[in-house]
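Undergrad: no FASTA, just this:
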């Protein structure tokens, strides 16, 4: 009886085991260039870093499998990958009906390990306060805030992912941030 192989700790090392990655070196480039943005967007929508990592991996796997449908004339790589991530988050929500409450302990990746314990405690309280305020927003508001600030996308890129004009995106974002500020003040 053989023992199952342990997965490599490095996502880029795991990427090398995929047939598409070996055949096309741009996948590694894309993962290294856009992996953090994909993870950052997803992390705004799930309860744990582990779920975010799984969904980010699923996003890249779906992208690898549908590489033939990628059209550089329609959208950039980042936009295409974040569109896939957006759909992965929606599918995940449909499947699991996530809790609206996020335990603070599950947000270990948002808390820096370098500051003093007091600073970490203050930061944890701040994160909890922001997450509570985000819970009060609609999925649409959380989505646009997650794309803009979680994935650090420009408004034009957010517009391309949402399929609306840049002006509409800026207006929606302005309104979502205004609602978030109100929730934070409450």
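TA: Arrived safely, thanks for sending. Please read these numbers as outputs of a predicted model, since none were measured by experiment.
Undergrad: by mean pLDDT, point me to the weakest helix or strand of the protein.
TA: helix 11-16 (a mean of 46; mean pLDDT, DSSP states H and E).
Undergrad: straight-line length of stretch 56-75, end to end?
TA: Terminal residues of stretch 56-75 lie 19 Å apart, using C-alpha to C-alpha, to the nearest Å.
Undergrad: what of stretch 35-53?
TA: End to end - C-alpha to C-alpha - stretch 35-53 spans 10 Å.
Undergrad: please state the offset of that stretch from the chain centre?
TA: 4 Å (C-alpha atoms, centre = their mean, to the nearest Å).
Undergrad: flag every buried residue along stretch 26-46.
TA: By neighbour count on 16 or more other C-beta atoms under 10 Å, the buried set for stretch 26-46 is 27, 30-31, 34-35, 37-46. From N, CA and C alone the C-beta is placed, and that goes for glycine too.
Undergrad: mind listing which of those residues are in strands?
TA: The strands in this structure, assigned by DSSP state E, contain none of these.
Undergrad: ranges for the helices of this protein?
TA: 11-16, 19-23, 26-43, 49-65, 77-96, 117-135, 139-145, 155-162, 166-185 (DSSP state H).
Undergrad: so which of these gets nearest residue 71?
TA: Set against residue 71 and scored by C-beta to C-beta, those come closest in helix 77-96, at 8.4 Å.
Undergrad: quick one: which of the buried residues of stretch 26-46 is nearest residue 131?
TA: residue 44 (9.7 Å).
Undergrad: look up how far residue 79 lies from that closest one.
TA: 17 Å (C-beta to C-beta, to the nearest Å).
Undergrad: equivalent analysis for residue 129, please.
TA: 32 Å.
Undergrad: more neighbours: those two, which one.
TA: residue 79 (18 against 12; other C-beta atoms under 10 Å).
Undergrad: ok, for the more buried one, nearest residue in space, not its chain neighbours?
TA: Using C-beta to C-beta, 6 or more residues apart in numbering and skipping the chain neighbours, the partner closest in space to residue 79 is residue 160 (4.6 Å).
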